[in-house]
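In: this one's structure only:
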């Protein structure tokens, strides 16, 4: 029987005294593998990273990464969350290949960190548990990989748990992930029933399942460029294992084959096989397409190649503050060589949706550190590193040569849909908050900051409740004593009908008096028409020079509000008549008369409270349509349509289009996550203001 037995963690073959090894910086992109680990929370991604590093001798023992052996894991906010919420990077060396393992959060709120890790990687290890069913969140993460075009292998963990079932996990993975585009999801090895050894399906082992081995070999042959290989296989010839492994690499790199490997990190089962798969089966940076480079003014730049001698083009994929050396950036070098003795240029462009301004700035020579945190002199194309002490670099920015500035457009990010209103107690706290928000914007582009002039609130738009908790923790850790408060919506009011109004401001005090009289007619207008002012005075009843005064007084009163301080909109005010005095009339007097006239008209016609309505586009699994529609009904939503969404997800996907009052969407991001198990998503955009029902209007005014 050809098997790989479980070895004690930290004792790989050929190392009698393993310890934390210094990974020499590679000079050839072919010697690099950048691999992002993706999977739902709790499947063991971070544990797997630690045990792989211990097995390869990169650290003394599993667990020491979390004790602060890398910059990426030193954030106190992550420690307080007791789960991974940030992208981290850890290096090891295996068979002369440098492997950069990029560990991502598994919770859906931190998809920004996930996409940053995908941008830095050339392949993914998709991690699932042998003890849990594949939920919708896991399938959504797989679709993130598909959308990013990442080649990937699947790792089945937790084989040491009594209820583990590799065969069931394999079948679930095949059903969930192997149905799109002819993709093949096949086992690369099988655990024996004691889960203490692996059977390699490409080895010449009679105990291996013919069905499993046949599926693997056929999937490999389907991508082979050797047309004779299929004939040999059908003819019963023994196939050269080295040829099959070379074709396996091709199939995985093309993204058409996803090998599945059983692994138990804590017992060491499959760790060596997984490291072999990473270095032999996953693509190097030379085999992956690079993003397009542009000039800072928007012209097309050179076509980048993963060449250490090419033009420098590197991208910041994550930024944070280290208490000892200041700003630190995790950087992927796509082209050229990043050198510690050469000045840089930083460009940032096309990030309006992130709330970051465009910028181009020169930087002094950087401080370079390997992903293992050792100082290095240079970093070649294809590698990942830390860059410290950049003054202007932000997440998503491009690092390039001062003489040859380039920009790589940042990766796409989901629009945050959960508003969190924050406030501070003192002016000193406001200063701390401003500084903390600046640091937050640099580090986390998924947060959008809105200063709502209509409600007077500072609103942080987040991806979900867990993301909001992290954002608030980061602000407080930066010294901003923020508290949260209920989110208010931007209400308006309008006239319930047409009415005439009369304004009379006449005062005599023995000296220069005040005299102004005006008559107006008010008519409601269609929604979002604003305020119109029309002059229809005849015969000079209101002198020409005072007509703007009446308009100014009317508009000021409408802006100040006539009910609950709500601004009035969607009305036409027509000045029809008035009176003036040759001595006592003035600009101020007619402003006051105009304000009195609009109040009088409001008393005659009555007012309506207008609440904002948004268009919500909700994408869910077909099986969840009933629950989501029922919930929307309780939110006073008007469903305008449903349509199928092009998706390979089993069971199908649909989009629901609805018009929903904004107040009903304040916590909807959390509600939808709960209703759909994390599988649902939605976008929102302002549509119009509509009259609020009487009971709702009263509640909205009370909340103000």
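Out: Structure received. Computed from a predicted structure; not experimentally measured.
In: burial count for residue 130?
Out: 25 (other Cβ atoms under 10 Å). In short, each C-beta sits where N, CA and C put it, glycine included.
In: from memory residue 216 sits against residue 186, does it?
Out: Yes: contact between residue 216 and residue 186 holds when scored by Cβ atoms under 8 Å: they sit 4.5 Å apart.
In: Now the common contact residues for the two.
Out: Counting by Cβ atoms under 8 Å, 6 or more residues apart in numbering, the common neighbours of residue 216 and residue 186 are residue 259.
In: The biggest helix by length in the chain: which residues count as buried?
Out: Looking across the chain with DSSP state H, the single longest helix is helix 587-605. Applying a neighbour-count criterion of 16 or more other Cβ atoms under 10 Å, the buried positions in helix 587-605 are 589-598, 600-602, 604-605.
In: Also stretch 563-572?
Out: Neighbour-count burial for stretch 563-572 [16+ other Cβ under 10 Å]: 566-572.
In: what's next to it, contact-wise?
Out: 454, 491-495, 522-534, 558-562, 598, 602, 607, 609-610, 689, 701, 704.
In: Show the subsequent helix or strand relative to the longest strand along the chain.
Out: Longest strand in the chain, counting residues (DSSP state E): strand 607-621. The C-terminal neighbour of strand 607-621 among helices and strands, as given by DSSP states H and E, is helix 625-633.
In: That following helix - contacts with which helices or strands?
Out: On a contact count with 3 or more Cβ pairs under 8 Å, 6 or more residues apart in numbering; DSSP states H and E, helix 625-633 meets strand 638-645, strand 653-661, helix 668-676.
In: Of those, which is nearest residue 505?
Out: Minimum separation from residue 505 across the helices and strands packed on helix 625-633 (Cβ to Cβ) falls at strand 653-661, 39.4 Å.
In: residue boundaries of the helices in the stretch 301-450 of the chain?
Out: Along the stretch 301-450 of the chain, counting by DSSP state H, counting those that start in this stretch, helices occupy 427-443.
In: for it, which spans come out with low pLDDT?
Out: 349-357 (pLDDT under 70).
In: Residue 249 should be in a strand, yeah?
Out: No: secondary structure of residue 249 (DSSP: H, G, I helix; E, B strand; the rest coil): helix, not part of a strand.
In: Quick check: it vs residue 260, distance?
Out: Distance of residue 249 to residue 260, given as Cβ to Cβ, to the nearest Å: 16 Å.
In: Who has more neighbours out of the two?
Out: The neighbour comparison of residue 249 against residue 260 (other Cβ under 10 Å) goes to residue 260, with 25 against 21.
In: Identify the bridge partners of the spatially closest residue to residue 39 that is not a sequence neighbour.
Out: Counting by Cβ to Cβ, 6 or more residues apart in numbering, residue 127 is the residue found nearest to residue 39 once chain neighbours are left out, at 3.5 Å. Beta-bridge pairing for residue 127 (DSSP bridges): residue 155.
In: Verify the stated contact: residue 127 with residue 47.
Out: No: contact criterion Cβ under 8 Å: residue 127 and residue 47 do not qualify, at 9.7 Å.
In: Identify the contacts common to these two.
Out: With Cβ under 8 Å, 6+ apart as the test, residue 127 and residue 47 both reach residue 157.
In: which SSE is the spatially most central residue of the chain in?
Out: Nearest to the geometric centre of the chain sits residue 112, at 3.1 Å (Cα atoms, centre = their mean). Applying DSSP H and E as the criterion places residue 112 in helix 111-120.
In: Pull the distance from that helix to the chain's centre.
Out: 8 Å (Cα atoms, centre = their mean, to the nearest Å).
In: Please list the residues outside that helix that contact it.
Out: 34, 36, 38, 85-87, 89, 100, 102-105, 124, 141, 144-145, 148, 150, 315, 317-318, 330, 332, 384, 395, 411-414, 444-446, 463.
In: which of those count as buried?
Out: In the contacts of helix 111-120, the ones that pass as buried (16+ other Cβ under 10 Å) are 34, 36, 38, 85-87, 89, 100, 102-105, 124, 141, 144-145, 148, 150, 315, 317-318, 330, 332, 384, 395, 411, 413, 444-446, 463.
In: Take those and keep only those in strands.
Out: Using DSSP E, the buried ones among the contacts of helix 111-120 in strands are 34, 36, 38, 89, 100, 102-103, 124, 315, 317-318, 330, 332, 384.
In: any weak-confidence spans in this protein?
Out: Along the chain, the model assigns pLDDT under 70 to residues 1-23, 62-84, 179-182, 193-195, 204-208, 349-357, 510-511, 647-651.
In: what's near enough to touch the residue nearest to residue 348 when sequence neighbours are not counted?
Out: Closest residue to residue 348 apart from its sequence neighbours, by Cβ to Cβ, 6+ apart: residue 397 at 4.4 Å. For residue 397, the contact set (Cβ under 8 Å, 6+ apart) comprises 315-316, 346-348.
In: Between these, which sits nearest residue 405?
Out: Closest to residue 405 out of the contacts of residue 397 is residue 347 (5.7 Å), distances taken as Cβ to Cβ.
In: Mind listing the residues bridging to that closest one?
Out: residue 360, residue 398.
In: now residue 448
Out: Beta-bridge partners of residue 448, counted by DSSP bridges, are residue 461.
In: In contact with the closest residue in space to residue 478 that isn't next to it in sequence, which residues are there?
Out: Using Cβ to Cβ, 6+ apart and skipping the chain neighbours, the partner closest in space to residue 478 is residue 436 (3.7 Å). By Cβ under 8 Å, 6+ apart, the residues touching residue 436 are 474-475, 478-480.
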